[in-house]
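>>> Sharing a sequence plus its predicted fold:
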Amino acid sequence: MKRTFLLIFMTVFALNSFGQENEPQMETIFDGDDLDYWEVPESNVWWSIDEGTLWAKSDPDKKGSILWTKKKYKDFMVQMDFKFGEGTVDSGIFMRGDDERNAQIQIGESGSLKRDMTASPYVPKMGYPVEAEGVRNLLKMNDWNTIKAIAVGNAYKVWLNGTEVMNYSLENANLEGPIGIQLHPNRDMSIQFRNISVAEL
């Protein structure tokens, strides 16, 4: 019991320690030049770099794709800029893989809910257990946005354009895995990313 309480206390303390004035040292994993930190899919038709920006565009068959980091992470912070493109954008950040014990941070419209759920966690077989708050007033539909997400143990926290919008704990979460950026299948869409960085906590 004492150990469980201590783990919960340490997780909450770690999450609350990160804010705009107490940032860890970030490592750039996409600087606009190459995808050296990423596992690029074979026969890649989805991901391209143009003038320092990473583009994700649907293929004609709308198969979709996930761009995974080569490295696996445990407790970490990931941050990136994104800008909506054409079509119905359905994207997101996979936090430690894509199995049923993993939370994905949504970017764009939920296919199941048919409305924007940016910054909310999606969990397979659970849907969206909580919804990020205040996103409608923060999200810029025609300009760049900055999203920052933290995973510490079972706990997740998200900021959108500098404002904390989501805090959630997932029981029995994956505790290690790669970071992924999703181009959802069965969509005709495009989205841009830039300034992607990560810090191990």
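Good, I have the coordinates.

>>> For residue 48, give the beta-bridge partners.
residue 55 (DSSP bridges).

>>> That one contacts residue 67, doesn't it?
No - between residue 48 and residue 67 there is no contact under CB atoms under 8 Å: 11.1 Å. Where you see a C-beta, it was placed from the backbone N, CA and C, and this is true even at glycine.

>>> out of those two, which sits in the more crowded spot?
residue 67 (24 against 12; other CB atoms under 10 Å).

>>> now the nearest residue to the more buried one once chain neighbours are set aside, which residues is it bridged with?
Excluding its sequence neighbours, the residue lying closest to residue 67 (CB to CB, 6 or more residues apart in numbering) is residue 181, at 4.7 Å. Listed by DSSP bridges, the beta-bridge partners for residue 181 are residue 67, residue 93.

>>> quick one: contacts for residue 181?
56, 66-67, 80, 91-94, 193 (CB atoms under 8 Å, 6 or more residues apart in numbering).

>>> Farthest pair within those?
Longest distance between any two of the contacts of residue 181 is 14.8 Å, between 66 and 80; criterion CB to CB.

>>> where does the residue nearest the centre of the chain land on pLDDT?
The residue lying closest to the centre of the chain (CA atoms, centre = their mean) is residue 93, at 2.3 Å. Predicted confidence (pLDDT) for residue 93: 98.

>>> residue contacts, it?
Residue 93 sits next to 78, 80, 104-105, 107, 147, 149, 179-182 when contact means CB under 8 Å, 6+ apart.

>>> Point me to the helix or strand that includes residue 136.
helix 135-138 (DSSP states H and E).

>>> Sorry, wrong one. I was asking about residue 86.
Residue 86 belongs to strand 76-87, assigned by DSSP H and E.

>>> packing partners for that strand?
In terms of contacts (3 or more CB pairs under 8 Å, 6 or more residues apart in numbering; DSSP states H and E), strand 76-87 is packed against strand 90-95, strand 145-152, strand 177-183, strand 189-200.
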